[in-house]
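Student: this is a predicted model, with the sequence first.
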Amino acid sequence: GRRVTVRDLIAAKERGERWPMITAYDAMTARVFDQAGIPVLLVGDSAAMVVYGYDSTLPVTVDDLLPLTAAVVRGSARALVVADLPFGSYQGSPQQALETASRFMKEAGAHAVKLEGGRRVLPQVELLISAGIPVMAHLGLTPQSVNVLGGYRVQGRGQSGDELMSDAKDLERAGAFSVVLECVPAELAERVTTSIAIPTIGIGAGPATDAQVLVWQDLMGLTQRPARFVKQYADLATEMDRAVRAYAADVVSGAFPEAVHTYG
Ligand code: KIV
Ligand code: NA
């Protein structure tokens, strides 16, 4: 079968169908999620934290993310793979955004890119679309702006909700195929969702968005202190701890390897 396309996602909204997005950063997890039928895989700049161990998304670079994106593309067969453009790689100018996004499309094989912001990145969005690069937008809590926002906190309360709404409409007009809404009141996310024809993808945005996204390590229970918006569907930290301790004990005791693991 063919890959999911941006048109499929817009058509799903027309039919009132919700869909899941999840992050991926390597080929093997990408294959698991792809074979489970997840239609969109995001190679998030959250890799800064969950892959590279930084405490914000700001330090991660294009060169850090390109090989992860290529691995996710190789590991998947059906999903649309979206590459997150990292901090400092697109804000400077539309031309800079095009150069960066082109690298993700050409060198990593991404099918779309994501960038953060509303009115301030509209020229970037317009140029990317005109160059043939599908753009996923991201409003609300935009972690690359954490130092301006003053922390990881709910966005869009009060009057800033109207600004977010007009940003969403402008992004739709500029040609974005979807918009992530992060950490915004559910009521605002619902109003945005019913006001635009492109899918909204919520994370900490309540139940009314067209899609949901989570960082896979959060939903699998690998993250230390997950946010309120995370639902934990597995406890991999406990399971991996159990397994690695059992392996270590077997090595120390000599219980591993056994005959079946051994070549004569
Ligand atoms: O980087 C990321 O993982 C993201 C999603 C949480 C939307 O931007
Ligand atoms: Na991100």
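Tutor: Right, received. Where do you want to start? Ligands and ions are numbered 1, 2, ... in the order given.
Student: how far does the helix or strand containing Leu98 sit from its chain's centre?
Tutor: Under the criterion of DSSP states H and E, Leu98 resides in helix 94-106. Relative to the mean C-alpha coordinate of its chain, helix 94-106 is positioned 18 Å out (Cα atoms, centre = their mean, to the nearest Å).
Student: after it comes which helix or strand?
Tutor: The element immediately downstream of helix 94-106 (helix or strand, assigned by DSSP H and E) is strand 112-114.
Student: is ligand 1 contacted by that next one?
Tutor: No. Between strand 112-114 and ligand 1, judged by Cβ under 6 Å from any ligand atom, nothing touches; the nearest distance is 6.6 Å. From N, CA and C alone the C-beta is placed, and that goes for glycine too.
Student: in that strand, what's buried?
Tutor: If you call a residue buried by 16 or more other Cβ atoms under 10 Å, then strand 112-114 has these buried ones: Ala112, Val113, Lys114.
Student: next, count neighbours for the closest residue to ligand 2 within the stretch 101-250 of the chain.
Tutor: Distance from ligand 2 to each residue of the stretch 101-250 of the chain (Cβ to the ion) is smallest for Pro143, at 6.1 Å. Here the number of neighbours of Pro143 (other Cβ atoms under 10 Å) works out to 20.
Student: my read: it touches Asp55, true?
Tutor: No. Between Pro143 and Asp55 there is no contact under Cβ atoms under 8 Å: 11.2 Å.
Student: re earlier: mind listing what's buried in the helix holding Leu98?
Tutor: Buried residues in helix 94-106, defined by neighbour count with 16+ other Cβ under 10 Å: Pro94, Ala97, Leu98, Thr100, Ala101, Arg103, Phe104, Met105.
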